[in-house]
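Visitor: Predicted model, plus sequence, below.
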Amino acid sequence: MTESLNFPARFTWGVATSAFQIEGAAAADGKGPSIWDTFCRQPGAILDASNGDIACDHYHRFEEDVALIASLGVPAYRFSMAWSRVQPLGHGAWNEAGFAFYARLLDALEARGIAAHLTLYHWDLPQGLQDQGGWLNRDTAYRFADYAAEVARRFGKRLATIATHNEPWCTANLGYGNAQFAPGVADAGAAIQVSHHLLLSHGLAMTAMRQLDVTAKLGIVLNQWTADAATDSPADLALAELEYARSVQWFMDPIFKGHYPALALAAHGAAAPRVEAGDLATICQRLDFLGVNYYFRAWCSAATPPVPAPAALGHTDMGWEIYPRGLTELLLKLRAEYALPPIYITENGMASADSVHDGAVDDGARIEFVATHLAALMAAMDQGVDVAGYFLWSLLDNFEWNSGYAKRFGIVHVDYDTQQRTPKASARWYRDLVARQRAVTVTT
Ligand code: IFM
């Protein structure tokens, strides 16, 4: 089905990972602990009782992994920096050995002609900052801006893009709202205040990086979904509207409009965040790009028991409904509501229970998933949405947070006993797709 798709000449094709999920080397060369190192030690926190100590051992195998990306002909790589690797406590001294690792990674990418897309914060806050209150402490936003400026100063001319945060919705709601993620707090009010501090930290970091001589494009990555009402009942419609306001608009409105959405603010009532004078102006500033991570839609039913989503295309191994049309609908809705910079789809992909048979991994369902989502993306672009690129999540099977290693998102299978990498059928399929698209690009 992707044969008929023609993406624009300058479209960026990529694969994505994040530091804690693949690097391992949790205490190597002066790295400080992060909240995920701590959280993994809490009994019952991680499904398979695993941790990120070794993960995909990418810290020691990054050259092999970059060669793998090159062998797939994929010209862009999105990854994140472990803050506590370069600043062990999250404040104070920098760790030169940590920066040296990322310099070596950039060397390897540059040697292969692969563009580097960096995320500054993909959930692994230095434990040293958590000990001072973590994201509930407003001061953490200022520490984050210091970190962003230092990274931009050192690498801002070697990176294609720098995203401040990955999915702050998750940091706030899963980390502080329901304790599924580090640091494991269950306090709805705290989650709302944390979301404000995350947004503030984004704005402060943007301001700090803009003052430097960087060529990297600057932006943020948000996980987003449409919220569909199960029926036309007023209760379901209201629930869907509130869900969209509390998740998508809660982050988009401050960034693009300079205020929180009234509906969500009213719903939060006394738990509305403490916002200081000037905060919203700091948050609402020009982005060079918006990263959108899309996996599923929200299905909203006020009934008891809830009306289930039809899920005509089934579910992934995460139990998430497969709904490619939602990507088209989301992008069109965003375009209608905001004055947007170019969008990157910074994550999209699926978990499936993959295993190696005779040296091969047949993950046809993943191929179908990506193909249908690319078609949905093209449909939005055909209707005028400016999309600059697509990053498949993920290059490698990796540590899937509170699911541990039990869920596999990679287009490359990882045997965690041997660290053997085995490209799945989807990796070859993506390689061919990217080659075809780039060939079309060159000849048109
Ligand atoms: O693995 C995660 C990633 O770290 C953030 N976005 C969603 C992915 C799948 O759950």
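Guide: Happy to help now that I have it.
Visitor: Which residues of the stretch 151-300 of the chain lie near the ligand?
Guide: 167, 293 (Cβ under 6 Å from any ligand atom). Using the backbone N, CA and C atoms, a C-beta is placed for each residue, glycine as well.
Visitor: Give me the helices and strands touching the strand or helix carrying L332, please.
Guide: In this assignment (DSSP states H and E), L332 forms part of helix 325-337. On a contact count with 3 or more Cβ pairs under 8 Å, 6 or more residues apart in numbering; DSSP states H and E, helix 325-337 meets strand 289-293, strand 343-347, helix 364-382.
Visitor: Which secondary structure elements does the first one sit against?
Guide: Going back to what we said before, that points to strand 289-293. Using 3+ Cβ pairs under 8 Å, 6+ apart as the contact test, the elements touching strand 289-293 are strand 161-166, strand 217-223, helix 325-337, strand 343-347.
Visitor: quick one: buried residues of the third one?
Guide: Residues 325-332, 334-335 are the ones in helix 325-337 that count as buried (16 or more other Cβ atoms under 10 Å).
Visitor: ok now it, how far from the chain's centre?
Guide: Here helix 325-337 is found 18 Å from its chain centre; the criterion is Cα atoms, centre = their mean, to the nearest Å.
Visitor: who's in contact with it?
Guide: For helix 325-337, the surrounding residues in contact (Cβ atoms under 8 Å, 6 or more residues apart in numbering) are 224-226, 228, 248-249, 252, 292, 294, 296-297, 340, 343, 345, 348, 373, 376-377, 379-380, 383-385, 387.
Visitor: rewinding a little: out of the helices and strands packed on helix 325-337, which comes closest to F144?
Guide: Proximity to F144, assessed across the helices and strands packed on helix 325-337 by Cβ to Cβ, is greatest for strand 289-293 (17.2 Å).
Visitor: Could you check the helix or strand just after the closest one and say which residues are buried?
Guide: Sequence-wise, the next helix or strand downstream of strand 289-293 (DSSP H and E) is strand 298-300. Using 16+ other Cβ under 10 Å as the test for burial, strand 298-300 gives 298-300.
Visitor: do stretch 341-355 as well
Guide: Of the residues in stretch 341-355, those buried (16+ other Cβ under 10 Å) are 341-352, 354.
Visitor: returning to what we had before: take the helices and strands packed on helix 325-337 and lay them out in CSV including distance to D146 and mean pLDDT.
Guide: Formatted as CSV, the helices and strands packed on helix 325-337 follow (distance: least, Cβ to Cβ, whole Å; pLDDT from 0 to 100):
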stretch, distance to D146, mean pLDDT
strand 289-293, 23, 99
strand 343-347, 24, 99
helix 364-382, 36, 98
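Visitor: Any chance of CSV for these, columns distance to G319?
Guide: CSV is the format used below for those (distance: least, Cβ to Cβ, whole Å):
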stretch, distance to G319
strand 289-293, 17
strand 343-347, 18
helix 364-382, 14
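Visitor: which residues of the stretch 51-200 of the chain fall in strands?
Guide: 76-80, 115-121, 161-166 (DSSP state E, counting those that start in this stretch).
Visitor: Tabulate these in CSV, adding columns for mean pLDDT and mean neighbour count.
Guide: CSV is the format used below for the strands of the stretch 51-200 of the chain (pLDDT from 0 to 100; neighbours: other Cβ atoms under 10 Å):
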stretch, mean pLDDT, mean neighbour count
strand 76-80, 99, 25
strand 115-121, 99, 24
strand 161-166, 99, 26
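Visitor: so which of those gets nearest V412?
Guide: Of the strands of the stretch 51-200 of the chain, nearest to V412 by Cβ to Cβ is strand 76-80, at 12.9 Å.
Visitor: isn't N51 right next to R41, touching?
Guide: Yes: N51 is in contact with R41 according to Cβ atoms under 8 Å; the separation is 7.2 Å.
Visitor: Check the gap between T38 and the ligand for me.
Guide: To the ligand, T38 is 18 Å away according to Cβ to the nearest ligand atom, to the nearest Å.
Visitor: same thing with L174?
Guide: Distance, L174 to the ligand, by Cβ to the nearest ligand atom: 10 Å.
Visitor: again with E96
Guide: 27 Å.
Visitor: Distance of the closest residue in space to F181 that isn't next to it in sequence relative to N137?
Guide: Counting by Cβ to Cβ, 6 or more residues apart in numbering, F181 lies nearest to L174, which is 4.0 Å off, once chain neighbours are set aside. Distance of L174 to N137, given as Cβ to Cβ, to the nearest Å: 19 Å.
Visitor: the more surrounded of those two?
Guide: L174 (19 against 16; other Cβ atoms under 10 Å).
Visitor: Surely the more buried one and A182 touch.
Guide: No: when contacts are counted by Cβ under 8 Å, L174 is not listed as touching A182 (9.0 Å).
Visitor: what about the nearest residue to Y338 once chain neighbours are set aside, helix or strand, and which?
Guide: Leaving aside its chain neighbours, Y338 sits nearest to F256 (4.4 Å; criterion: Cβ to Cβ, 6+ apart). F256 belongs to helix 250-257 when assigned by DSSP H and E.
Visitor: Would you indicate which residues of that helix are buried?
Guide: Buried-residue list, helix 250-257, by 16+ other Cβ under 10 Å: 250-256.
Visitor: what's the answer for stretch 221-236, then?
Guide: Those would be 221-230, 236, for stretch 221-236 by 16+ other Cβ under 10 Å.
Visitor: Likewise for stretch 26-36?
Guide: 26, 31-36.
Visitor: before we move on, what about stretch 416-434?
Guide: Buried residues in stretch 416-434, defined by neighbour count with 16+ other Cβ under 10 Å: 419, 421-427, 429-431, 433-434.
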